[in-house]
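> Sequence and predicted structure below; questions after.
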Amino acid sequence: MIGYLSGEVKFLFGDGCILDVNGVGYKIFLDANAKQNLNVGDTAEFFIHTAVREDAITLFGFKDAATLEFFELLLTVSGVGAKTAQVVVSKISASEFARAVTMQDTKTLTRLPGLGKKSAERILLELKDKIKPLAENFPAQNSAIQSNEFDEAATALDALGYTQAEISEAFAKAPPNSTTEQLIKFALKNLNQFA
């Protein structure tokens, strides 16, 4: 199984790239964070999940080992395939996902593309006892932020087109006890926008 690749980006396509590793081109499907700011000619490295089926061997690449771990944890849930798991890791940070599972927060998960209520409930049920190692790798966001305010602010930013990963990252350094309005203003400032 391929677990890691490093080489030159030869070609970019919709959700991935062709990576030249010593003259061999590997087609790798990337999550949004791994593909962000990637250009043809760049030297890049990816942690790889190799999916083997009867009719195909597919490579999924991630910027770091912790995101790969997040992806592979999602694959342990019955009914969650590689494409769905890739969308999830592209749209929500691992720390926010860990928070959602720990708090059994269906609402956060159902906002993700491709996850309906039943899938979200299955994820919460099947991962509640497995999430601790992931939560340790990705410390929870500022615990002083109340989940209600976070959810309201996240919903507003989601409507503006930001991904859950961008939103979570913007909230990570928010001042303690922020209101919903303060969170939105703080996040917009950190996302290089104007409130």
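Looks like it arrived, so ask away.

> start to end distance for stretch 91-110?
12 Å (CA to CA, to the nearest Å).

> what's the weakest-modelled helix or strand in this structure?
The least trusted helix or strand in the chain, going by mean pLDDT, DSSP states H and E, turns out to be helix 131-137, with a mean of 62.

> what's the next secondary structure element after it?
Moving toward the C-terminus from helix 131-137, the next helix or strand (DSSP states H and E) is helix 147-159.

> Only the buried residues of that next one, if you could.
For helix 147-159, burial by neighbour count (16 or more other CB atoms under 10 Å) applies to 147, 149-150, 152-154, 156-158. (Glycine included, C-beta is placed from N, CA and C.)

> The residue most central in space within the chain: which element?
Residue closest to the average C-alpha location in the chain (CA atoms, centre = their mean): residue 89, at 2.3 Å. Using DSSP H and E, residue 89 sits within helix 82-91.

> So which elements touch that helix?
helix 32-35, strand 57-62, helix 65-75, helix 164-171 (3 or more CB pairs under 8 Å, 6 or more residues apart in numbering; DSSP states H and E).

> Return the most buried member of the ones you listed.
Stretch with highest mean neighbour count among the helices and strands packed on helix 82-91: helix 164-171 (a mean of 22; mean count of other CB atoms under 10 Å).

> Just put the buried residues of helix 147-159 in TSV and tack on distance to residue 124 and pLDDT.
Formatted as TSV, these follow (distance: CB to CB, whole Å; pLDDT from 0 to 100):
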residue	distance to residue 124	pLDDT
147	15	57
149	22	71
150	18	70
152	21	77
153	22	78
154	18	76
156	24	80
157	23	78
158	20	76
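
> which one of those is nearest residue 81?
residue 158 (23.7 Å; CB to CB).

> who's sitting farthest from the centroid in this protein?
Distance-from-mean max, the chain, by CA atoms, centre = their mean: residue 23 at 30.5 Å.

> That residue: what's it in contact with?
Listed by CB atoms under 8 Å, 6 or more residues apart in numbering, residue 23 has no contact partners.

> one step back: do you know how far the residue nearest to the centre of the chain is from residue 78?
18 Å (CB to CB, to the nearest Å).

> Which residue ranges make up the domains of the chain?
Domain assignment for the chain by automatic domain parsing gives 4-62, 65-137, 147-190.

> Nice, that's everything, thank you.
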